[in-house]
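# build me a structure from this.
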Amino acid sequence: MTVLQLPVLIQDFIEPQIQEANKENLYYNDYPEQFFPTNRFWFQDSIVSFQSRGRLLGVEGLASSALPVGDATTSSPEKFITTDAVLRLGNPRGATVRVDRVIDDGDVVDGIILERVIPDDSRVVAVFPPFRTSFTDAEKVLIEQQLELKLDFGLTWVLETQTWDIITSNNLDKQEPNGQFCLDNQGDMSGMNLDQSWMVYLEFVPGGAAGDKWKIVDRGISTFFESARENDFFFASNDTVVDPDTGQVVRDAIIISECNESRDSLRRRNIANINLANIGIWSTISTSTNCIYIFHGFVNLIFPPICFST
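Now for the predicted structure:
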């Protein structure tokens, strides 16, 4: 039996759970956008390397009305405009753009740098605060304390405070077996197991002489392209994309892994146990709009619970 130290358990097994793409998908699907009470406008100072650089204005076209953002303000939702925040443009169903980084207080020339170019004077209606995929030192200490108690607990992302918080065992609603993620009772401290906002929860499994274990259960939203027989993905274009930094043609790779094997493969039919770490790799040339993807496969993913000895 391998006994893991608590910092190793957190670093190698718990933290990777919040780094999975399905957690960010869940966040953007279920957490609310933060809408500005009045109109805000994008003021373009410059365009550098295909990125808009500028400021957020309270009055359209008036540079002196630039607003501080991020840590420089306590105003909401301006305080959420930091690296990796997502801005909603035009209207509640408008296009979005991600914030690449913020310089100083964000209200200086080129103070906010976006990931791509947007039109000058674009109306900014809302912001999606960034989703952090790592634990702070303080959060790791709180997790260690819960592990030492040897009681079930959950981890929930709190948008307002931008922190990973603990859901204690007496407030954790595991919703087994088929419960849904819900923010209605996030932070509930009634002791009546009402908090359903966990993205990850850890269940203590006493082992006696065999040693105690922790079962890690996580959830998120993933998108799989699936059909009864096969999938086809393709995009046809003769235009290529050249990396402006290297001058080389940009290429993409499609890796077909074990979960993408044929629906009628020998292993799926339980005729042979074949180890298919990578059964195919395609290299394609990126185009001005997308990539040429020609893919045939069947997707069926199963995520078993994970147990660790501590």
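# strand partners of the helix or strand hosting Trp214, parallel vs antiparallel please.
Using DSSP states H and E, Trp214 maps to strand 213-218. Under the criterion DSSP bridges, strand 213-218 sits next to strand 200-205 (antiparallel), strand 306-309 (antiparallel) in its sheet.
# quick one: mean pLDDT over stretch 17-25.
For stretch 17-25, mean pLDDT rounds to 94.
# can you give me the end-to-end span of that stretch?
13 Å (Cα to Cα, to the nearest Å).
# can you check stretch 150-169 too?
10 Å.
# picking up where we left off before, which stretch in the strands paired with strand 213-218 has the least confidence?
Looking at the strands paired with strand 213-218, the weakest mean confidence is strand 306-309, a mean of 40.
# which parts of the strand holding Trp214 are buried?
Neighbour counts over strand 213-218 (16 or more other Cβ atoms under 10 Å) mark Lys213, Trp214, Ile216, Val217, Asp218 as buried. C-beta coordinates here come from the backbone N, C-alpha and C atoms, glycine included.
# ok, stretch 53-69 next?
Arg53, Gly54, Arg55, Leu56, Leu57, Ser65, Ala66, Leu67, Pro68, Val69.
# correct me if wrong, but the fourth one is in a strand.
Yes. The secondary structure assignment for Leu56 places it in a strand, going by DSSP: H, G, I helix; E, B strand; the rest coil.
# hang on, it packs against Trp42?
Yes. Applying Cβ atoms under 8 Å as the test, Leu56 and Trp42 come out as touching, 6.8 Å apart.
# got any residues that touch both of the two?
Residues touching both Leu56 and Trp42 by Cβ atoms under 8 Å, 6 or more residues apart in numbering: Val124.
# pull the distance from stretch 183-202 to the chain's centre.
A distance of 20 Å separates the centroid of the chain from that of stretch 183-202, by Cα atoms, centre = their mean, to the nearest Å.
# and the contacts of it?
Counting by Cβ under 8 Å, 6+ apart, 14, 17-18, 23, 26, 30-31, 146-147, 152-158, 165, 167, 170-175, 179-182, 214-220 sit against stretch 183-202.
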